[in-house]
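Participant: take this sequence and fold it.
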Amino acid sequence: MSSIEELKTGIDELLIIVSTGFILLMQAGFALVENGTVRKKNSTNILIKNLFDACAGAIAFWTLGYGFAFGVAGEEPAYINYGGWAFASSDFKG
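Facilitator: Next up, the predicted model:
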C-alpha cells in the first residue's frame, strides 16, 4: 500500500473518531436540555431515552452507515458497499 493510501485511511479513521466524539457530546447536551425542561420525576425517563437513542444510532451506523460512507470504489453504485457486506466489521480478521 502506498503512503498516500495509508494517509487517506488514517484521515478517514480520524474523521470517524472525531465525529463520533462530537455526536456523543451532542447526545449529552440534548440530555441536559431535555432534563431541564421536565419535572424531577421524569428525568430518569429522559436520560434512558437519550441512552437508547445513542445505542440505536450506533447499531444503525454499524448496519447501514458504514456501507454508505465507505463503499467499494469502482463498483456501481460506488457510495454503497455494493456486492459485499455493508457491516463495519465484515472484513474483520480478528
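Participant: which other helices and strands contact the particular helix or strand that has residue 22 in it?
Facilitator: Using DSSP states H and E, residue 22 falls within helix 3-36. Packing partners of helix 3-36 (3 or more CB pairs under 8 Å, 6 or more residues apart in numbering; DSSP states H and E): helix 43-60. For every residue, glycine as well, the C-beta is placed using N, CA and C.
Participant: what's in contact with the helix it packs on?
Facilitator: Applying CB atoms under 8 Å, 6 or more residues apart in numbering, the external contacts of helix 43-60 come out as 23-24, 27, 30-31, 34-35, 38.
Participant: recalculate using a threshold of 7 Å.
Facilitator: Helix 43-60 is contacted from outside by 24, 27, 30-31, 34-35, 38, using CB atoms under 7 Å, 6 or more residues apart in numbering.
Participant: so where's this structure uncertain?
Facilitator: Applying pLDDT under 70 to the chain flags residues 1, 70-94.
Participant: that older thread, mind giving me the PyMOL command for buried ones among the contacts of helix 43-60?
Facilitator: Only the buried entries of the contacts of helix 43-60 go into this PyMOL selection, using 16 or more other CB atoms under 10 Å:
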select buried, resi 31+34+35
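Participant: and the contacts of helix 43-60, which is closest to residue 2?
Facilitator: Minimum distance to residue 2 across the contacts of helix 43-60 is 33.4 Å, recorded for residue 24 (CB to CB).
Participant: skipping its backbone neighbours, what lies nearest the closest one in space?
Facilitator: With sequence-adjacent residues excluded and distances taken as CB to CB, 6 or more residues apart in numbering, residue 24 is closest to residue 54, at 6.9 Å.
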